[in-house]
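Peer 1: no sequence on this one, just coordinates:
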């Protein structure tokens, strides 16, 4: 079968590689000149454990499965990574919430989280405020840009076709008109991220809209944390709030925050430093004021259907298309599991 994957982010590439390994002829089309221009290259680079998502959701299922698969792939591709675990700091009023959270996690096939008492937390993270926390051992960090590029190279070396600067101009039942000429297909995979709603509409799938949700980062040029530092999620929040993530090159990302914008490709950093300094003051008071610089910005592809927010990944088959809609965080971790799911849909 000839399959065309639209979008060369981490999800599109994993899907393409998995289909290629099943014997299909696979083409990946990417409208940008370079890889990692959008969501796959503009995130925290965290290997998530699958703990923050609604029980039974695709996000939870694919993230838990993808966590194990991601570690296998980064080793295979020689991508820099560190299985450092994640600390979730608790507020004084959150212990009951944390107990319920731990009960939920017992149903997941993940290494068992553990309580970290305030009296021992500095052994896990110096200069941190003294509070109880949860340690999630299966989380880690990786170099996201290298991951995408190494996977693309692997895909091409296995015989896959990756076409950069290849924008889709028109969709027909079994053909795409692109800036690099027409290409016929038996099946098309819509992995277009922020632009997935356009391909859904073009294939006759109605009512879906992507609204870009901005997340800005600041960067500390020193590694002020040894592992990601998070909080329990706010049920009404757009994301997980400002957190701290060490990077493979020994810096620290602060962020992202979350607010909706109009233009999907607008990456203009517009967040004031004060909010990020306040996060340091709250969670890492032993440091005082840290010198921060504006980092990059990312836009989450938040999915809406008939004007209402869709909280989970949405994967649908329509005519000769399979649509991957609203693949935001934890898409980076979930990618290899999503790919296996797509292959099963074609079986």
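Peer 2: Ah, there it is. Owing to the predicted nature of the structure, the values given are computational and were not obtained by experimental measurement. Residues are numbered from 1 along each chain as shown.
Peer 1: name the residues of the worst-scoring helix or strand of the chain on mean pLDDT that are buried.
Peer 2: Counting by mean pLDDT, DSSP states H and E, the weakest-scoring helix or strand in the chain turns out to be helix 95-105, with a mean of 90. Neighbour-count burial for helix 95-105, counted by 16 or more other Cβ atoms under 10 Å, picks out 98, 101, 105. For every residue, glycine as well, the C-beta is placed using N, CA and C.
Peer 1: can you check stretch 307-317 too?
Peer 2: 312-315.
Peer 1: now do stretch 28-46
Peer 2: 28-31, 35-46.
Peer 1: one more: stretch 162-176?
Peer 2: Applying 16+ other Cβ under 10 Å to stretch 162-176 flags 162-163, 166, 168, 171, 176 as buried.
Peer 1: thought residue 285 was touching residue 129?
Peer 2: Yes. The criterion here is Cβ atoms under 8 Å, and residue 285 meets it with residue 129 at 5.5 Å.
Peer 1: out of the two, which sits in the busier spot?
Peer 2: residue 129 (16 against 12; other Cβ atoms under 10 Å).
Peer 1: about what we covered before: redo the buried residues of stretch 307-317 as CSV? Include pLDDT and secondary structure.
Peer 2: Below are those laid out as CSV (pLDDT from 0 to 100; DSSP: H, G, I helix; E, B strand; the rest coil):
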residue, pLDDT, secondary structure
312, 98, coil
313, 98, coil
314, 98, strand
315, 98, strand
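Peer 1: now the two most distant members of the residues you listed.
Peer 2: Comparing every pair within those by Cβ to Cβ identifies 312 and 315 as the most remote, at 9.6 Å.
Peer 1: identify the contacts common to the two.
Peer 2: Shared contacts of residue 312 and residue 315 (Cβ atoms under 8 Å, 6 or more residues apart in numbering): residue 58.
Peer 1: next secondary structure after the least confident helix or strand of the chain?
Peer 2: Sequence order places strand 114-116 as the next helix or strand after helix 95-105, per DSSP states H and E.
Peer 1: which elements pack onto that following strand?
Peer 2: In terms of contacts (3 or more Cβ pairs under 8 Å, 6 or more residues apart in numbering; DSSP states H and E), strand 114-116 is packed against strand 133-136.
Peer 1: in the chain, which spans are helices?
Peer 2: 10-21, 58-77, 95-105, 144-157, 196-202, 273-283, 331-346 (DSSP state H).
Peer 1: show me how far the first one is from its chain's centre.
Peer 2: Computed by Cα atoms, centre = their mean, to the nearest Å, the separation of helix 10-21 from the middle of its chain amounts to 16 Å.
Peer 1: for the shortest one, same thing?
Peer 2: The offset between the C-alpha centroid of helix 196-202 and the centroid of the whole chain comes to 21 Å, using Cα atoms, centre = their mean.
Peer 1: residues in contact with residue 175?
Peer 2: 182-185.
Peer 1: returning to that earlier point: out of the helices of the chain, deepest packed?
Peer 2: helix 10-21 (a mean of 25; mean count of other Cβ atoms under 10 Å).
Peer 1: contact partners for residue 81?
Peer 2: Neighbours of residue 81 in contact, by Cβ under 8 Å, 6+ apart: 47, 71, 74-75, 140-143, 248.
Peer 1: redo the residues you listed as CSV? Include pLDDT and distance to residue 275.
Peer 2: Below are the contacts of residue 81 laid out as CSV (pLDDT from 0 to 100; distance: Cβ to Cβ, whole Å):
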residue, pLDDT, distance to residue 275
47, 98, 26
71, 98, 33
74, 98, 32
75, 98, 37
140, 98, 27
141, 98, 23
142, 98, 27
143, 98, 27
248, 97, 25
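Peer 1: any chance you could map the strands in the stretch 151-300 of the chain?
Peer 2: Counting by DSSP state E, counting those that start in this stretch, the stretch 151-300 of the chain has strands at residues 161-163, 168-172, 175-178, 181-184, 187-190, 208-220, 229-231, 243-246, 252-255, 259-260, 292-305.
Peer 1: tell me which of those sits nearest to residue 59.
Peer 2: strand 292-305 (11.7 Å).
Peer 1: buried stuff in stretch 259-275?
Peer 2: 264, 267, 271.
Peer 1: bridging residues for the residue lying closest to the last one once chain neighbours are set aside?
Peer 2: In this structure, residue 271 finds its nearest non-sequential neighbour in residue 216, 3.9 Å apart by Cβ to Cβ, 6 or more residues apart in numbering. Beta bridges link residue 216 to residue 297 when assigned by DSSP bridges.
Peer 1: can I assume residue 91 is in contact with residue 132?
Peer 2: No. Contact status for residue 91 versus residue 132: not in contact, 9.4 Å apart, counting by Cβ under 8 Å.
Peer 1: which one's more surrounded, the two?
Peer 2: residue 132 (19 against 12).
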